[in-house]
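>>> Structure, please.
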Amino acid sequence: SELSMAVRSAQPFIRNAEIQLIPSPCKDALARLVESVQGELHIVSPYITQAGTAFITSRIDGATRRQSIDVRLLTDLNPLSVCQGSCDPEAILDLTRSFRLTMIHHLPRVHAKIVVADRAAAMIGSANLTQGGIQENYEYNIKVSSQEVASRIAQDVEEYSSLGAPITTDLLESYAKAAT
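Numbering: from 1, shown residues only. Okay, here's the model as predicted:
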């Protein structure tokens, strides 16, 4: 349940974790994190644009992406965000076409911005998966390198995703058509 997740998450447990502070722009640190992925990438971002998904896909070799990397994406496909272009279903479709497996969930009011690479390292902060978030806005992020912490964050992301609705490729395509 939501309450048990909140109580569990509030318990201190960080030991032997390397923490890196990342002021704007976060693009170099995010690039290194994404380039390190070998099998699983969790992304949480309410706003996602073509610039953001292109940034992610350009950091990983195409054959590697299609053969060995699974992406779990949690976003908010709020109609207003889609109509305003701050959450682009076509960009999310491009992501689904670029990786071996992509699971997408819609969770209204998700506000977190998280990237977890292979449950080994995670970046958490204010940057959305957009050009502004990655390079132009004044954002702040923290990178934690710890399998214990990153695994816990990935687990929390999966629990958040279970509160939302799975989004199929067909549904994304209809959103993309409606947005144009």
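
>>> any idea which residue sits dead centre in this structure?
The centroid of the chain falls nearest to I43 when counting by Cα atoms, centre = their mean (1.5 Å).

>>> E90 in helix, strand or coil?
helix (DSSP: H, G, I helix; E, B strand; the rest coil).

>>> can you check L95 too?
For L95, the assignment made with three-state DSSP gives helix.

>>> Okay, it and L21: tell me how far apart.
28 Å (Cβ to Cβ, to the nearest Å). For every residue, glycine as well, the C-beta is placed using N, CA and C.

>>> Quick one: residues contacting the residue nearest to A17 when sequence neighbours are not counted.
Leaving aside its chain neighbours, A17 sits nearest to S146 (3.5 Å; criterion: Cβ to Cβ, 6 or more residues apart in numbering). Residues in contact with S146 (Cβ atoms under 8 Å, 6 or more residues apart in numbering) are I14, N16, A17, E18, A121.

>>> Show me the contact partners of the helix or strand hosting the residue nearest to the centre of the chain.
Following DSSP states H and E, the helix or strand that holds I43 is strand 40-44. Residues outside strand 40-44 that contact it (Cβ under 8 Å, 6+ apart): 34, 56, 69-75, 99, 110, 112-119, 129, 153-154, 157-158, 160.
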